[in-house]
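Enquirer: next come a sequence and a model predicted from it.
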Amino acid sequence: MRVIPAIDLRAGKCVRLRQGDYDRETVFGDDPAAMAARWEAGGASRIHLVDLDGAKAGRPVNVDAVRGILGRVSVPCQLGGGVRDGATISAWLQAGLERVIVGTQALRDPDWFVSMLEAYPQRLVLGLDAREGKVATEGWLETSSVDAVTLARRFDGLPLAAIIYTDIARDGTLDGPNLEATRALAESTRTPVIASGGVGTLADLERLKALPIDGVIVGRALYEGRFTLAEAIAAAGPPEPPASPT
């Protein structure tokens with residue numbers, strides 16, 4: 001299971017929101033590029049970026065900060081927030097992102113998202129941000145009536161790189177991930193699933209490792225020093241091989 005450190009961007013700074021609330025923000029640094037370099041040096045094989053202002057505005061906002069990160073690190077980066085049209089997808093991929101994450105617009109217009117998957121195979125990620133199992137949109141400011149598993153199944157079998165599942169109630173907290181919902185989603189689709197939200201201990205990573213998922217995004221716990229990235233990678237690594245029969 002891959003551990004992916006998160007850099008959430010707001011007003012050009014590294015922040016974390018608690019449960020998606022823009023009024024409950026903690027600033028962890030004013031140099032996102034330096035933060036990305038720190039995670040790369042710590043062993044990250046991919047970095048997760050979120051344009052929080054973009055998610056709220058419906059268009060890219062923290063462009064300079066993202067470009068600064070891409071110019072500083074060599075590991076692949078993925079980004080979500082404010083991706084609502086094909087031109088934005090194309091521009092971000094051309095800027096050097098490995099993957100672009102689409103959430104709100106995939107719910108609004110599934111047929112459009114299918115066309116984007118066909119145009120950019122294995123370069124797009126579906127961002128499923130859920131509140132009590134229902135997909136949230138507009139930077140988590142609105143909650144739809146669509147079930148997260150139902151939306152995931154809509155794109156099953158298409159050239160989708162991954163699905164990121166975030167339980168908003170757990171995001172930005174250290175209360176532990178929603179194991180049941182994450183397992184249910186992972187078992188309902190053939191697309192690789194990445195868990196996000198609530199990881200606070202190495203034990204959380206051990207529990208997630210037992211699920212049929214591809215990776216986990218970790219934010220606040222790393223920023224607060226609950227464990228190091230190296231420790232997280234070790235905890236999420238492959239289990240010990242079985243002893244040889246005697």
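Expert: In hand now; what should we look at?

Enquirer: alpha carbons only for contacts and neighbour counts from here, please
Expert: OK.

Enquirer: residue ranges with poor pLDDT in this protein?
Expert: Within the chain, the ranges that satisfy pLDDT under 70 run 19-21, 23, 132-134, 136-145, 169-173, 238-246.

Enquirer: go again with 80.
Expert: Along the chain, segments meeting pLDDT under 80 span 16-25, 131-146, 168-175, 238-246.

Enquirer: all strands for it, in order.
Expert: For the chain, the strands defined by DSSP state E cover 2-10, 13-18, 21-29, 47-51, 77-80, 99-102, 124-131, 134-137, 142-147, 162-167, 193-196, 215-218.

Enquirer: can I get the ones you listed in TSV including distance to Arg207?
Expert: As requested, the strands of the chain are exported to TSV (distance: least, CA to CA, whole Å):
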stretch	distance to Arg207
strand 2-10	13
strand 13-18	22
strand 21-29	27
strand 47-51	21
strand 77-80	25
strand 99-102	25
strand 124-131	20
strand 134-137	24
strand 142-147	24
strand 162-167	16
strand 193-196	12
strand 215-218	11
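
Enquirer: turn the ones you listed into JSON lines, columns for mean neighbour count and distance to Phe227.
Expert: Output for the strands of the chain, formatted as JSON lines (neighbours: other CA atoms under 10 Å; distance: least, CA to CA, whole Å):
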{"stretch": "strand 2-10", "mean neighbour count": "25", "distance to Phe227": "12"}
{"stretch": "strand 13-18", "mean neighbour count": "22", "distance to Phe227": "17"}
{"stretch": "strand 21-29", "mean neighbour count": "14", "distance to Phe227": "16"}
{"stretch": "strand 47-51", "mean neighbour count": "24", "distance to Phe227": "17"}
{"stretch": "strand 77-80", "mean neighbour count": "23", "distance to Phe227": "22"}
{"stretch": "strand 99-102", "mean neighbour count": "24", "distance to Phe227": "27"}
{"stretch": "strand 124-131", "mean neighbour count": "26", "distance to Phe227": "25"}
{"stretch": "strand 134-137", "mean neighbour count": "24", "distance to Phe227": "30"}
{"stretch": "strand 142-147", "mean neighbour count": "14", "distance to Phe227": "33"}
{"stretch": "strand 162-167", "mean neighbour count": "24", "distance to Phe227": "21"}
{"stretch": "strand 193-196", "mean neighbour count": "26", "distance to Phe227": "17"}
{"stretch": "strand 215-218", "mean neighbour count": "24", "distance to Phe227": "11"}
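
Enquirer: can you tell which of these is closest to Phe155?
Expert: strand 124-131 (9.0 Å; CA to CA).
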